[in-house]
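Colleague: Predicted model, plus sequence, below.
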There are 4 protein chains.
Amino acid sequence: MPDKIADQVFKALDNFDVELPSWGFADTGTRFGKFFQAAAASTVEEKFHDAGLVHKLTGCCPSVAVHVLWDFKPGQSPKEVAKLARKQGVRVGSINPNVFQDQVYKFGSFCSPNPKARKAALDHTLDCVKIGKESGSNLLSMWLADGTNYPGQDSIYRRKKDLESALAKISSTMKKQWPGATMLVEYKPFEPAFYHTDIADWGMAAAFARAAGKNAKVLVDTGHHLPGCNIEHIVAFLLSEGLLGGFHFNDRKYADDDLTLGSIDPYAVFRIFDQIVQFTFETGKKPAIAYMVDQSHNLKPKLEAMVQTVDEAQKLFARAHLVDRKALAMAQKSMDIVAAERILRDAFETDVRGLLAEWRLTHDLPVDPLAELRSSGVIAKLGKDRAAARKARGEVQASSYA
Amino acid sequence: MPDKIADQVFKALDNFDVELPSWGFADTGTRFGKFFQAAAASTVEEKFHDAGLVHKLTGCCPSVAVHVLWDFKPGQSPKEVAKLARKQGVRVGSINPNVFQDQVYKFGSFCSPNPKARKAALDHTLDCVKIGKESGSNLLSMWLADGTNYPGQDSIYRRKKDLESALAKISSTMKKQWPGATMLVEYKPFEPAFYHTDIADWGMAAAFARAAGKNAKVLVDTGHHLPGCNIEHIVAFLLSEGLLGGFHFNDRKYADDDLTLGSIDPYAVFRIFDQIVQFTFETGKKPAIAYMVDQSHNLKPKLEAMVQTVDEAQKLFARAHLVDRKALAMAQKSMDIVAAERILRDAFETDVRGLLAEWRLTHDLPVDPLAELRSSGVIAKLGKDRAAARKARGEVQASSYA
Amino acid sequence: MPDKIADQVFKALDNFDVELPSWGFADTGTRFGKFFQAAAASTVEEKFHDAGLVHKLTGCCPSVAVHVLWDFKPGQSPKEVAKLARKQGVRVGSINPNVFQDQVYKFGSFCSPNPKARKAALDHTLDCVKIGKESGSNLLSMWLADGTNYPGQDSIYRRKKDLESALAKISSTMKKQWPGATMLVEYKPFEPAFYHTDIADWGMAAAFARAAGKNAKVLVDTGHHLPGCNIEHIVAFLLSEGLLGGFHFNDRKYADDDLTLGSIDPYAVFRIFDQIVQFTFETGKKPAIAYMVDQSHNLKPKLEAMVQTVDEAQKLFARAHLVDRKALAMAQKSMDIVAAERILRDAFETDVRGLLAEWRLTHDLPVDPLAELRSSGVIAKLGKDRAAARKARGEVQASSYA
Amino acid sequence: MPDKIADQVFKALDNFDVELPSWGFADTGTRFGKFFQAAAASTVEEKFHDAGLVHKLTGCCPSVAVHVLWDFKPGQSPKEVAKLARKQGVRVGSINPNVFQDQVYKFGSFCSPNPKARKAALDHTLDCVKIGKESGSNLLSMWLADGTNYPGQDSIYRRKKDLESALAKISSTMKKQWPGATMLVEYKPFEPAFYHTDIADWGMAAAFARAAGKNAKVLVDTGHHLPGCNIEHIVAFLLSEGLLGGFHFNDRKYADDDLTLGSIDPYAVFRIFDQIVQFTFETGKKPAIAYMVDQSHNLKPKLEAMVQTVDEAQKLFARAHLVDRKALAMAQKSMDIVAAERILRDAFETDVRGLLAEWRLTHDLPVDPLAELRSSGVIAKLGKDRAAARKARGEVQASSYA
């Protein structure tokens, strides 16, 4: 590989950060139950510790997405939580309100026919705005579980209006109290709602974001699409409309399967990065994009899964920078499909593991972060310590389907 | 059924027109070949004749969508074509440019990297604007086959820009030359393009329509969605945004299967009508919606399939007017899912064949248009006549996969 | 409707029983949490009570599927449990081993690489065989959560062999210890496994059933198919191969959504019943088919959802008996697609609510079981009593995603 | 890469042949029309020429699948056709009856309610058996377009029985007249039939193959599955049942899109090869598998697309031989998901282009067959010659949707 290209890739990697989710280190599962891991994190300190460890190993995960309900104790000062993060070498990243777990949200949050639910959701989210500001974050991630399970269950029109009002209120509050911060609006076609989801696709998320205000953008979760959906097309469309805010990274084969990024279809992830690089190539613009992981592992050791995801993201991101964009433009212009495709594929098929190892060496990072993690024995040690701590706290790890 | 409700349904039916597609009477097939029908229409006169016959039988199909390439001979005056339509008791409906069949469109039309293709598409469509105006239509239906088959084949960004320019040009020309007319922008996730389609979903169609101008709206083809997509939600969303322009009616189980409306999932079609009626109930607004059939039958006799589709549309449309909307609103407000669902289902499960027969009687229409058509022997007669006419013209019905 | 046909439908309904699942009355949810219902059943007595109530209201639910892990206390005599059922007017139906909830099943049950898991699964299932025999049941329902989440995770070949051995062992044990009983093998494409499921489709279930023995058949869960799958075709194929054992009834729009039967696509359910009736019409055979509900409601009141499901099953089953099968055969033979389809649709569109009401009257059943349930106030009463009982037992209803 | 592994890969490549389809060199398209290529092959000589050229460039395509209707003139001796093939350096491969193009097959072939259609299909296929024997082939590929478009259209039971009889007849005739040959039964969920396809999935194909006789096996077309289907699981299952006969290679994103192999999801194709190699590793068996291409290109130059497909197949096949199977078995046994997955991924991520170039050098083949083809100018030359030949024959390249 010519030095010039390697340099380009190195520079790209220098600017490529991936945010980790605090909940990705905790015990999660499927509706059929959870398989508990001794080393799973329970407290926010433990979650920051684990995120900090991944950051130490990979050098590109300086921030941690937090779920306010799970990570902030009632009354706890956001500054204190921010301090706990810094202690582990990371900082508080995107703020995720939780408007789906409480029983009041049975029929939705901002869209619920229950005014109490709507109020609870708004109050909680406005609290999150304060928390975001005080903890030094600049992102509010809005994922709603709102939807219905049956035709006729509720008025889609009333729900849409109520959601628009709420998002407008949140956006305007943010403008005043949390200037510079961005509200990310996430979409999902189904689950946990099984007939209709109030923000079902990117088009709805974009409409809600536009209606809310200029500080609102769309969040693309790579697992939240119907079968066959061309995600990179959506990414390109959103970029072109100035509406792409960020990503939740994971992979899937069927539904929202929450697998490690690129584990099922790595070429598809590569094509997303490709559209991002291509956008800058064609327009000269460098949009701010929040790259975030959203994965809840039931089987893989959580720390391993996170390191693997970050490593995979770096590899695919690096490959997207190997595309010979001028040659590609020429081939496209001359309608030479085979040549154009091959230019893309040549980049994808290049083995970048050596290149990435070099980049890591120049940054005093372990050449193979996953191998480093596995040989360190840290997961076993954490398992022992945390099992003991849980025991001391009188906690039992249990879940049941019915 | 109380008289008041029957009256309501009758009034609704009085205002419910369904446009037929001229190409729905011609021989079409799959890529594996066509199964030819003796009675298939070849000329525009024959197509209008067939549409006129369906209108005579059903009383609700006064207009015919035309495909300019197939229905207008070069140099033929649109007024002459409009006259041919009137002669058969129908009028020219939506104008459909054809920017996919000519060899120049190999890599797309408005989105092609080939400037000749882009120019040809624009010229043809601007011709269609003239034709539309002169033939007394007020709709331009834009369906593009544009897309790519392989990752990297073309720049999604360049294609999007070129399409935006073209649509803006068409829209502004329409404003001047064809005021009052609407441009409908159709979307489709795949086929004939198999990697990306330039207008892939409703969100993209809406963005293109908004960018084009106020005379542009979105056209929903019921067969153009990914598996599982909640179409009635999209319909409601578009209505709420003031962007729903019309429908192409058909049904599907897998892809764009072009089956008769409601033949696979009648409840889903009912739910689309339900959202439309509900919109008026909640907002008092009565948006102009063009209900059009788009079906290409390979097996069913074309005339029968059309009558069946129209009959089915009327039945499902009538049922949507049986929903007790006040009771539904109450049940929704009190979060009584089971009651709300049941109100919807009660309407769907009501057998409206008798009611529809009554409506037809009051309009001097055959009580069972399909039975009337079948017992008339007209298809056999047309088959004989048209076979002879084809022979006289020296035409052979032939197609081959490879 | 001619009396002869009504008689036929009545006879069909007389022989149409639907088994209810004990877990359908307990609190269940999605991976994002559970919304608890005060009236949810906790104990096996409460579950039998609720099933008994549905049976009293509908007259066609004499048996209850039990989940051994949840419904039988360790050491509890199956006869005692059978007695509890009888006390509520029902009997123990299919026996469902639970080989997915215990932590030992993290990597599968019969297919796990862990010999302890395989042994635990076999031991538990052989226990279930005893329980089945002693409780008077004649069905063993085998649903496995076995599968993998990642390519390479395990050997598909080794897993298949181990599963074959286990099923053969269970089948032969049943032949000896529980003669006359049937083992039902269920399939599912995904969830909770997200890369591969060891029994992914009907073809695999059929292969495992054939390899196990003649007392093994296939169980079709209506929610366990990939998008677009033609379920009635599978049902017909299995019937024709002598391999259809029974159903788990529910509906879905996206994945295994566990909605009430026919709530999303009632025509599809009708077509399943149609194939069953058609099979008897064409072959004269009346195969034993176990109709069972498998639904876990998170939003609808559980008792209401069950009554609604049974009512819907009866309506669609009745309609399938209205098809004029001789006329249908004639139309099919003469390749008259439109006539054939219409015969089927005429049956589906017939409003059978009146007919069903009559049938209920002749059986001293409430004409509208759902209305009866709702007006009885029993759910509110049960809610009060069970809330108090839970409190007395010191139970808290709680769940969390992370 | 250690020499031992390179040797293994070389040996594997030596034994890896890919059959090309004659129709892959002819003009094909979508139902919306065909985009004609000057260099498209029209005659069987031209098709063999093109296949021969691909074989010269890649060294692994010694045989050509033929479509009897298109490639054999009525009365033409199969030996003569076989000679034409040999002249171009290839031989006649699998024999493909065409029982879908003729008008008699409107309602199916072996499954048609029309006895004439059933007879025509059987006669044609028995002719194919003779042709197969005489042309030196040993494969009969049965792909049927049989199915229905509407619920109720035909009896699924009658169709199944008629198909079973026909396949049994063909199988027994083959045993006598064409011993050693294999009948491959292909499946497809939909298209051109849109409600049900008589051989819809691998389970049905396997049932038909088993019922037909021991010389019948299943043919897996990589584009013939519902969304999300785990194809490599099916491949493994069929291998384990001794029923895998061969493949039709192509790729798809949505339906049966007929794109070049691996162009959309290369990792999925790799996983298919991985299961095949793994099967031999675990059982020691080396099943005979026919690797065949089935692609109909509308946009890519046909010769380029074929070379690209073969090159891609070789790359992915080679990678599947790089998996460290002993280490994988160890990781699987110890339930180390992350290690097991990584072993697979390491093989997939290895850039094998250099290795493949070496293998080609040792076989006196061009190092980069696609580049060689493109630089040779042969496609342009063929285009000129064939355009002239078509003109001389008075042929016009034309197609139309309606």
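Modeller: Right, received. Where do you want to start?
Colleague: starting at the chain centroid, how far to whichever helix in chain A runs longest?
Modeller: In chain A, with assignment by DSSP state H, the single longest helix is helix A:156-177. Distance, stretch centre to chain centre, for helix A:156-177: 23 Å (CA atoms, centre = their mean, to the nearest Å).
Colleague: secondary structure element for whichever residue of the stretch 151-300 of chain A sits closest to chain B?
Modeller: Residue nearest to chain B within the stretch 151-300 of chain A (CB to the nearest CB): A:Gly203, separated by 2.1 Å. C-beta coordinates here come from the backbone N, C-alpha and C atoms, glycine included. Element membership for A:Gly203 (DSSP states H and E) is helix A:202-212.
Colleague: Please identify the residue most distant from the middle of chain A.
Modeller: The C-alpha centroid of chain A is most remote from A:Ser334, which lies 38.0 Å away (CA atoms, centre = their mean).
Colleague: so what's that one up against?
Modeller: Counting by CB atoms under 8 Å, 6 or more residues apart in numbering or on different chains, A:Ser334 touches B:Pro113.
Colleague: Is chain D within reach of whichever strand or helix holds A:Asp311?
Modeller: Element membership for A:Asp311, per DSSP H and E: helix A:302-320. Yes - against chain D, helix A:302-320 shows contacts by CB under 8 Å from any CB of the partner chain at A:304-305, A:308, A:315.
Colleague: okay, those in TSV with neighbour count next?
Modeller: Below are the residues of helix A:302-320 next to chain D laid out as TSV (neighbours: other CB atoms under 10 Å in any protein chain shown):
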residue	neighbour count
A:Glu304	21
A:Ala305	27
A:Gln308	24
A:Lys315	21
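Colleague: of all these, which comes closest to chain D?
Modeller: The closest of the residues of helix A:302-320 next to chain D, once distances to chain D are taken by CB to the nearest CB, is A:Glu304, at 4.7 Å.
Colleague: Leaving out chain neighbours, which residue sits closest to that closest one?
Modeller: D:Val338 (4.7 Å; CB to CB, 6 or more residues apart in numbering or on different chains).
Colleague: Which residues lie in contact with that neighbour in this structure?
Modeller: A:300-301, A:304-305, A:308, A:370, A:374.
Colleague: That one in helix, strand or coil?
Modeller: Using DSSP: H, G, I helix; E, B strand; the rest coil, the structure places D:Val338 in helix.
Colleague: What of A:Phe270?
Modeller: With three-state DSSP as the basis, A:Phe270 sits in helix.
Colleague: My guess is it contacts A:Glu312. True?
Modeller: No - contact status for A:Phe270 versus A:Glu312: not in contact, 10.3 Å apart, counting by CB atoms under 8 Å.
Colleague: So stretch A:249-259, near chain D or not?
Modeller: Yes - counting by CB under 8 Å from any CB, chain D has neighbours in stretch A:249-259: A:253-254.
Colleague: to the chain's geometric centre, what's the distance from that stretch?
Modeller: On CA atoms, centre = their mean, the centre of stretch A:249-259 falls 12 Å from that of its chain.
Colleague: measure it end to end?
Modeller: Using CA to CA, to the nearest Å, the gap from the first to the last residue of stretch A:249-259 comes to 9 Å.
Colleague: Need the nearest residue in space to the residue in chain A that chain D sits nearest to, chain neighbours excluded.
Modeller: Ranking the residues of chain A by distance to chain D (CB to the nearest CB) places A:Pro227 first, at 3.6 Å. Excluding the flanking residues, the one nearest A:Pro227 by CB to CB, 6+ apart is D:Pro227, at 3.6 Å.
Colleague: Check the burial of the one you found by counting its neighbours.
Modeller: As a burial measure, D:Pro227 scores 22 neighbours (other CB atoms under 10 Å in any protein chain shown).
Colleague: ok, it touching A:Gly228?
Modeller: Yes - the criterion here is CB under 8 Å, and D:Pro227 meets it with A:Gly228 at 5.6 Å.
Colleague: Mind listing the shared neighbours of the two?
Modeller: Between them, D:Pro227 and A:Gly228 share the contacting residues B:227, D:254, judged by CB under 8 Å, 6+ apart.
Colleague: Next up, the contacts around the residue nearest to A:Tyr150 when sequence neighbours are not counted.
Modeller: Nearest in space to A:Tyr150, with sequence neighbours left out and distances taken as CB to CB, 6+ apart, is B:Glu341 at 4.5 Å. With contact set as CB under 8 Å, 6+ apart, B:Glu341 has these partners: A:150-153, C:263.
Colleague: rewinding a little: got the CA coordinates for the helix holding A:Asp311 in PDB?
Modeller: C-alpha atoms of helix A:302-320 as PDB (Å, rounded to 0.1, in the frame of the first residue of the first chain):
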ATOM      1  CA  LYS A 302     -19.700  -8.400  27.100                       C
ATOM      2  CA  LEU A 303     -16.200  -7.000  27.200                       C
ATOM      3  CA  GLU A 304     -15.100  -9.300  24.400                       C
ATOM      4  CA  ALA A 305     -18.100  -8.400  22.300                       C
ATOM      5  CA  MET A 306     -17.400  -4.700  22.700                       C
ATOM      6  CA  VAL A 307     -13.700  -4.900  21.800                       C
ATOM      7  CA  GLN A 308     -14.600  -7.100  18.800                       C
ATOM      8  CA  THR A 309     -17.200  -4.600  17.700                       C
ATOM      9  CA  VAL A 310     -14.800  -1.700  17.900                       C
ATOM     10  CA  ASP A 311     -12.100  -3.600  16.100                       C
ATOM     11  CA  GLU A 312     -14.500  -4.600  13.300                       C
ATOM     12  CA  ALA A 313     -15.700  -1.000  13.000                       C
ATOM     13  CA  GLN A 314     -12.100   0.200  12.600                       C
ATOM     14  CA  LYS A 315     -11.300  -2.400  10.000                       C
ATOM     15  CA  LEU A 316     -14.400  -1.600   7.900                       C
ATOM     16  CA  PHE A 317     -13.900   2.100   8.300                       C
ATOM     17  CA  ALA A 318     -10.300   1.800   7.200                       C
ATOM     18  CA  ARG A 319     -11.300  -0.200   4.200                       C
ATOM     19  CA  ALA A 320     -13.800   2.500   3.200                       C
END
